[in-house]
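1. everything below, folded, please.
(2 chains)
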Protein chains: 2
Amino acid sequence: MAKGLPKRSEDYSLWYNELVKRADLAENSPVRGCMIIKPYGYSIWEKMQAAIDKMFKDTGHSNAYFPLFIPKSYLSKEADHVEGFAKECAVVTHYRLKNDEGGQGVVVDPEAKLEEELIVRPTSETVIWNTYKNWIQSYRDLPILVNQWANVVRWEMRTRLFLRTAEFLWQEGHTAHATREEAMEETLKMMGVYATFAEEFMAVPVLRGVKTESERFAGADDTYCIEALMQDGKALQAGTSHFLGQNFARAFDVKFADQNGNLEHVWGTSWGVTTRLMGALVMVHSDDDGLVLPPKLAPIQVVIVPIYKGEDERAKISEQALKLKEELEARGLSVKYDDRDTQKPGWKFAEYELKGVPVRLAMGPRDLENGTVEVARRDTKEKQVVAIDQVVDTAEALMTEIQQNLFNRSLQFREANTHQVDTYEEFKEVLDKQGGFVRAHWDGTAETEDRIKEETKATIRCIELDRKEEDGVCIYSGKPSKGRVVFAKAY
Amino acid sequence: MAKGLPKRSEDYSLWYNELVKRADLAENSPVRGCMIIKPYGYSIWEKMQAAIDKMFKDTGHSNAYFPLFIPKSYLSKEADHVEGFAKECAVVTHYRLKNDEGGQGVVVDPEAKLEEELIVRPTSETVIWNTYKNWIQSYRDLPILVNQWANVVRWEMRTRLFLRTAEFLWQEGHTAHATREEAMEETLKMMGVYATFAEEFMAVPVLRGVKTESERFAGADDTYCIEALMQDGKALQAGTSHFLGQNFARAFDVKFADQNGNLEHVWGTSWGVTTRLMGALVMVHSDDDGLVLPPKLAPIQVVIVPIYKGEDERAKISEQALKLKEELEARGLSVKYDDRDTQKPGWKFAEYELKGVPVRLAMGPRDLENGTVEVARRDTKEKQVVAIDQVVDTAEALMTEIQQNLFNRSLQFREANTHQVDTYEEFKEVLDKQGGFVRAHWDGTAETEDRIKEETKATIRCIELDRKEEDGVCIYSGKPSKGRVVFAKAY
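-> Below is the predicted model:
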């Protein structure tokens, strides 16, 4: 199966596309830009969802559901928001089809034209703040800490599986608060939740920072983000948390009476992660043989492959293997025993490498005699022969070890690919030859940012939250700067 | 809060609408026919989802995700399907808005017209069978047992929260099989899963049966269903499982090579339940004081309300209450301790009755002295004073007891409201005066079915799977019949 997977070093982009398809994560659908998430890919997404959802609930949030459709006029209510989102979206204009009189299937019924067009939600701030208006009267109604898991549509011209699709799945949190401080605290807290999820579950180290004005969410006062580095040296924005100020409260007239009875506009936040995380997961860890999944998100954590000739051997090995499976499952591991006789062991080895299963156990007749099992780990490809009564402990320990190793490995990669430069020449050279994150001084103007983007395709990924104050001069304009920002070419 | 909830006996329909809103389950959105599922309502839906999803996985199914949009031409490929679904649906015709030149917000950009219109999925058979075509080559690729959790849109003129909405949430299972027998087995198995869920989790007894031809899913050879009876004597279809035969395989040219290398069309099923189940849950159990939730689906299973004057009493009671909460949670119960001082105990009692919390514990200073707790159950409104060291056992036992009582009560109600009639006069009288399920002989023709529907508004809910063979004559036409079918007026 893995035969013929393109090499990362030769064509990273093709490697990614082929891997996503061959590992049964997702495929393109006949509808332009919309993907089909296949069962194996979806089971990884479900594990992500479960972990994230638990973190939301542990921080006091509840789920709810708001309409798929947004009246066109709502988009116009927040001035920046409409600029950012009204452009490329799916517009519903009619609500009925009818049989074509010429017998050519069905056609849109011109008599079923909507009075006001509906937009398929590209994000839900407008419809949600319109609702919050009715939910909020007094400070006692605050805070509102709500999230929804939903599909959204943003009409994209160039799409790539998981990374950029017209329809994607995501969660969007929308909270309402009595004070600026509380809303800001929430914004930062959720950025923290995303960072923890990325690092502890995905084993993907991330930078935490704030976006420049030009990279902000349309309608936010500030956008915080987590940024990860892919193996090709390009950055990927993995999650954003927006401090909305009172912008949507003003646009939708959402006020509350404070303890003294004064009416004030409500403060808001919104935050989201999407199926894009699947793309990051693939691109950070995987190799030329296929996926490499962190154990915490692997649908199958251990696969057992029997090596046998004839029914007799198969039966004997199966007995041991199924016992082992049971013991592993008792430790909370998800285990697959693959004794299909339609495929050879070598084929299965390649298949489970392609699928990124963290640990593979192989049992042959020799193992049966010796009371051993061959244990192979996916991340390093190391194999060891382990006494059968030690296998469960070994496999369990490997879960922690592989999870940690993947994180360490990608952290090392990121460190090795994070550069600090002081001149524009250096800047361009690093971007050209090595890629990665580049820390450099910037004069704080959108003009400089735009020019650098035009000339090098690099954008400011974020102003890191823990950056050092440091006097310097902008690499582009030579104007004074008080600290470095992080540039990179990005997905 | 509960004050002023309309009485079921006076206006059942108004009672339902008001209850759904006041208990914070859902509300109407500004988009016609689309609802907002509020956090409390959504948390019940999440519990339903979790239970159903587990049952699907235990029966070998995996989740996946298919596109929201369906090319218009796909709908036409299956002749019956297009008749059933192409009529009332949301049609996307454009993919861009632009600023209105007159400054009136945004307008649809006429230059961004889609070549082929897209339909917001009313159900996904077409797009999924179009995909299965690529997934299936040989008998080794079968069966495919896939489900998706998704939103769908069917443009409805008259909508009611949960019961009939333009957008609703559901799951749709789509399976593919090598033989008719296997597909039929799957169809019946999933009807069984739905029936088990309804009875064991929702505590709603259901009839299991097959639809008549005119009530079948558009594109199915047979539609199996579960049917529940509401307190107003109307039936509600709570889940359907369709045997699709080879219809969609033919429409989308999906064939497989069998063991002998012969190409055959694949056999299919599809099955779904929707947020409509929320409506059934409300309508079967609730009363004039509010929701009555079965413990297995209650987001809060036990609420503890302290009764105190002053900080001193509050502190003493809180200490006991929080200890109790911890002990209850250790038994796996979800518990809320409500010591807000902004509301009085009486208000809280009414509030948690409205919200359907199965068990309420009240602790006052007298209880503290005596080492007791007042335990009230929502279903029967019975109260008892229990020694504090017995409360955890009592509450735990009540979970089982209330769950069972709700089922028994609704089963008794259904039995009392299921009638057997032999003449059309009787039939009409029962429907007029009592409602409920009516078992009667029918001649098997769509014509008779239609006429009865026209004259009485009653439809054939199903032909029960366990019905007795019994010779009789059709109540309408007098023609021979081999068994009774179940009629009712329905939601």
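2. can you tell me what sits against the helix or strand bottoming out on mean pLDDT in chain A?
-> When each helix and strand of chain A is scored by mean pLDDT, DSSP states H and E, helix A:79-85 comes last, with a mean of 81. For helix A:79-85, contacts defined as CB atoms under 8 Å, 6 or more residues apart in numbering or on different chains pick out A:75-76, A:122-123, A:125-126, A:154, A:217-219, A:247-248, A:251, B:105-106. Using the backbone N, CA and C atoms, a C-beta is placed for each residue, glycine as well.
3. how does chain A divide up, domain by domain?
-> Per automatic domain parsing, the domain ranges recorded for chain A read A:12-94+A:101-285, A:307-398, A:418-488.
4. winner for burial among those domains?
-> domain A:12-94+A:101-285 (a mean of 20; mean count of other CB atoms under 10 Å in any protein chain shown).
5. now the end-to-end length of that one.
-> 13 Å (CA to CA, to the nearest Å).
6. tell me the contacts of the residue in the stretch 101-250 of chain A positioned nearest to chain B?
-> Residue of the stretch 101-250 of chain A nearest chain B, by CB to the nearest CB: A:Gly105 (3.5 Å). The neighbours of A:Gly105, taking CB under 8 Å, 6+ apart as the test, are A:Asn99, B:Lys72, B:Ser73, B:Leu75, B:Ser76, B:Val82.
7. of those, which belong to strands?
-> Within those, residues falling in strands by DSSP state E are A:Asn99.
8. where do the helices sit along the stretch 151-300 of chain A?
-> A:180-200, A:247-251, A:276-285 (DSSP state H, counting those that start in this stretch).
9. briefly note if the shortest one comes near chain B.
-> I take that to be helix A:247-251. No - shown here: helix A:247-251 not in contact with chain B (CB under 8 Å from any CB of the partner chain), separated by at least 12.4 Å.
10. show me the one of the domains of chain A that comes nearest B:Ser318.
-> domain A:12-94+A:101-285 (19.9 Å; CB to CB).
11. quick check: closest non-adjacent residue to A:Ala218.
-> A:Gly84 (2.3 Å; CB to CB, 6 or more residues apart in numbering or on different chains).
12. hang on, I meant A:Glu464
-> A:Gly209 (4.4 Å).
13. tell me which parts of the stretch 301-450 of chain A are close to chain B?
-> Residues of the stretch 301-450 of chain A found near chain B, taking CB under 8 Å from any CB as the criterion, are A:Thr342.
14. what residue in the stretch 301-450 of chain A comes nearest to chain B?
-> Taking CB to the nearest CB, the stretch 301-450 of chain A has A:Thr342 as its residue nearest chain B, at 6.5 Å.
15. I figured that residue was touching B:Asp141, is that so?
-> No - if you go by CB atoms under 8 Å, A:Thr342 and B:Asp141 don't touch, sitting 11.5 Å apart.
16. how about the residues of the stretch 101-250 of chain A by chain B?
-> Residues of the stretch 101-250 of chain A lying near chain B (CB under 8 Å from any CB): A:105-106, A:108, A:117-120, A:127, A:130-131, A:134, A:140, A:146, A:150-151, A:153, A:155, A:167, A:169.
17. next SSE after the strand or helix carrying A:Glu447?
-> In this structure, A:Glu447 is located in helix A:446-456 according to DSSP states H and E. Counting by DSSP H and E, the next helix or strand C-terminal to helix A:446-456 is strand A:459-464.
18. give me the sheet partners of that following strand and which way each runs.
-> Partners of strand A:459-464 in the sheet, by DSSP bridges, are strand A:207-210 (antiparallel), strand A:484-488 (antiparallel).
19. residues contacting the first one, please?
-> Residues outside strand A:207-210 that contact it (CB under 8 Å, 6+ apart) are A:191-192, A:195, A:222-228, A:437, A:461-467, A:486.
20. also the last one?
-> In this structure, residues lying in contact with strand A:484-488 by CB under 8 Å, 6+ apart are A:207, A:209, A:212, A:227, A:229, A:233-235, A:420, A:427, A:431, A:435-442, A:452, A:458-464, A:467-468, A:470, A:472.
21. average model confidence for that strand?
-> In this model, strand A:484-488 carries a mean pLDDT of 98.
22. kindly report the same for stretch A:371-383.
-> 98.
23. return the residues in contact with the residue lying closest to A:Pro39 once chain neighbours are set aside.
-> Residue nearest to A:Pro39 in three dimensions, not counting chain neighbours: B:Ser62, with 3.8 Å by CB to CB, 6+ apart. By CB under 8 Å, 6+ apart, the residues touching B:Ser62 are A:Pro39, A:Tyr42, A:Ser43, B:Leu145, B:Val146, B:Asn147.
24. go on, A:His419?
-> A:Val430, A:Gln434, A:Gly436, A:Phe437, A:Val438, A:Arg439 are the contacts of A:His419 under CB under 8 Å, 6+ apart.
25. wasn't the first one part of a strand?
-> The reference is to A:Val430. No - counting by DSSP: H, G, I helix; E, B strand; the rest coil, A:Val430 is not part of a strand but helix.
26. what score does it have for pLDDT?
-> 97.
27. shouldn't it be in contact with A:Val421?
-> Yes - at 5.9 Å, A:Val430 counts as touching A:Val421 under the criterion of CB under 8 Å.
28. what is in contact with these two at once?
-> Common neighbours of A:Val430 and A:Val421 (CB under 8 Å, 6+ apart) are A:Val438.
29. name the nearest residue to A:Val193, sequence neighbours excluded.
-> A:Met55 is the one closest to A:Val193 (CB to CB, 6+ apart), at 5.0 Å.
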